[in-house]
Every structure is written in C-alpha cells, then in structure tokens.
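> coordinates only, sequence not included:
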C-alpha cells in the first residue's frame with residue numbers, strides 16, 4: 001500500500017448526535033463503495049453519538065479511524081479527498097470554500113428540517129451531492145465528481161456598503 005496514493009474520506013456529524021450517518025458509513029455496503037471508488041482511508045468524526053464504528057473494514061484494505069470532537073476539523077477537511085457531512089450550513093460552506101467534493105447527508109430526524117432545503121438547493125446547483133443515510137451507498141456508487149461545479153462565494157461588498165450607508169458610516 002506504500003506505493004498507492006492515500007485518498008481519505010472525512011465524515012463529520014458536527015457537534016450533534018447523528019448516529020444514522022455514522023451507522024451508514026460503517027456499513028459494509030458504504031465501505032465497499034468507497035473502496036471501489038479508490039478511497040484508502042475513512043476518518044469519522046462522530047460527535048455526541050452513541051454508536052461507535054468499527055475500525056476494521058470487511059477486507060481490511062480501507063483504513064478506518066474515528067474520534068468524537070476536535071478543536072478544529074478544518075485540517076481534516078483540507079487533507080480529505082472527499083467529505084461526507086451532516087447538513088449544517090457551517091460544515092457545508094467550509095467544505096465548499098475549501099473546494100472539496102462533498103456529499104451532504106440529511107438528518108431526517110430533525111423537526112422543521114431547513115437543512116435539507118439548503119442541501120437540496122446546493123445539490124440542484126451541482127455544488128454537492130445530497131443523500132439520506134439509507135441512500136448513501138447508492139449515492140457513492142453513482143457519484144461522478146467531475147459533474148460538480150465549484151462553489152464561488154458571493155461578493156458581500158455591495159451589501160456591506162448599503163448597511164454602512166444606512167447606519168451613517170462613511171464610505172471607505
């Protein structure tokens with residue numbers, strides 16, 4: 001494996017409990033799909049969840065590790081070849097700003113799930129892929145990362161100028 005390029009999948013559930021995502025990623029189906037796509041490592045940030053994923057893949061060729069929290073997951077995102085994330089806006093936009101391919105998994109257990117609206121809108125615009133825990137394996141098998149369009153953050157200068165003008169601040 002030393003001559004093979006390492007390709008890491010980083011999974012984040014944020015600060016909440018999203019065991020359904022961790023269970024899905026820990027499934028043989030998802031691990032097999034990741035291996036078939038050429039990924040070598042799976043790092044799972046499991047948050048407040050109670051489900052502890054296995055550090056062993058079915059055939060042991062996918063290196064798996066996990067942790068609960070880290071002061072800064074930006075480094076994990078930066079070094080990842082693929083990010084699988086909950087649908088929190090902070091995680092979504094941080095990953096997109098880093099230019100990393102992203103699969104957002106919607107937590108269907110949340111009431112008034114505005115997060116699914118954000119994820120589905122960005123998926124429709126082809127900035128990311130959107131899945132549910134039960135469809136994650138299928139999404140990975142079918143994914144073509146070449147079809148994703150890089151996310152370009154908007155320029156807030158016009159809005160800032162209008163707010164400053166409204167508040168009576170001088171133009172810079």
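Alright, I've got the coordinates. Bear in mind that the values here come from a model prediction, so they are computed numbers and not experimental data. Numbering: from 1, shown residues only.

> isn't residue 125 right up against residue 149?
Yes: with contacts counted by Cβ atoms under 8 Å, residue 125 reaches residue 149, the gap being 6.9 Å. Every C-beta, even on glycine, is put in place using the N, C-alpha and C of the backbone.

> check which residues of the lowest-mean-pLDDT helix or strand in the chain are buried.
Ranking every helix and strand in the chain by mean pLDDT, DSSP states H and E puts helix 157-167 at the bottom, with a mean of 77. Within helix 157-167, no residue counts as buried by 16 or more other Cβ atoms under 10 Å.

> all the helices of the protein, residue numbers only.
Using DSSP state H, the helices of the chain run over 19-26, 28-36, 74-79, 89-97, 114-124, 136-142, 157-167.

> adding distance to residue 5, write these out as TSV.
TSV is the format used below for the helices of the chain (distance: least, Cβ to Cβ, whole Å):
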stretch	distance to residue 5
helix 19-26	21
helix 28-36	14
helix 74-79	13
helix 89-97	21
helix 114-124	28
helix 136-142	19
helix 157-167	40
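
> buried deepest among the ones you listed, which one?
helix 19-26 (a mean of 22; mean count of other Cβ atoms under 10 Å).

> report the inter-axis angle for that one versus helix 28-36.
50 degrees (axes from the mean of the first three to the mean of the last three Cα atoms, to 10 degrees).

> next one: helix 19-26 to chain centre, how far?
Taking Cα atoms, centre = their mean, to the nearest Å, one finds helix 19-26 lying 13 Å from the centre of the chain it belongs to.

> try stretch 43-57
Worked out by Cα atoms, centre = their mean, stretch 43-57 lies 15 Å from the chain centre.

> could you list the buried residues of that stretch?
Going by 16+ other Cβ under 10 Å, stretch 43-57 has these buried residues: 43, 44, 45, 46, 47, 49, 53, 57.

> what's the farthest-apart pair in those?
47 and 57 (21.5 Å; Cβ to Cβ).

> returning to what we had before: nearest to residue 104, out of the helices of the chain?
helix 114-124 (4.2 Å).

> other SSEs contacting the closest one?
helix 89-97, strand 102-105, strand 129-131 (3 or more Cβ pairs under 8 Å, 6 or more residues apart in numbering; DSSP states H and E).

> okay if I get these as CSV plus distance to residue 114?
Below are those laid out as CSV (distance: least, Cβ to Cβ, whole Å):
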stretch, distance to residue 114
helix 89-97, 9
strand 102-105, 13
strand 129-131, 14
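
> those: which one's closest to residue 38?
strand 102-105 (15.3 Å).
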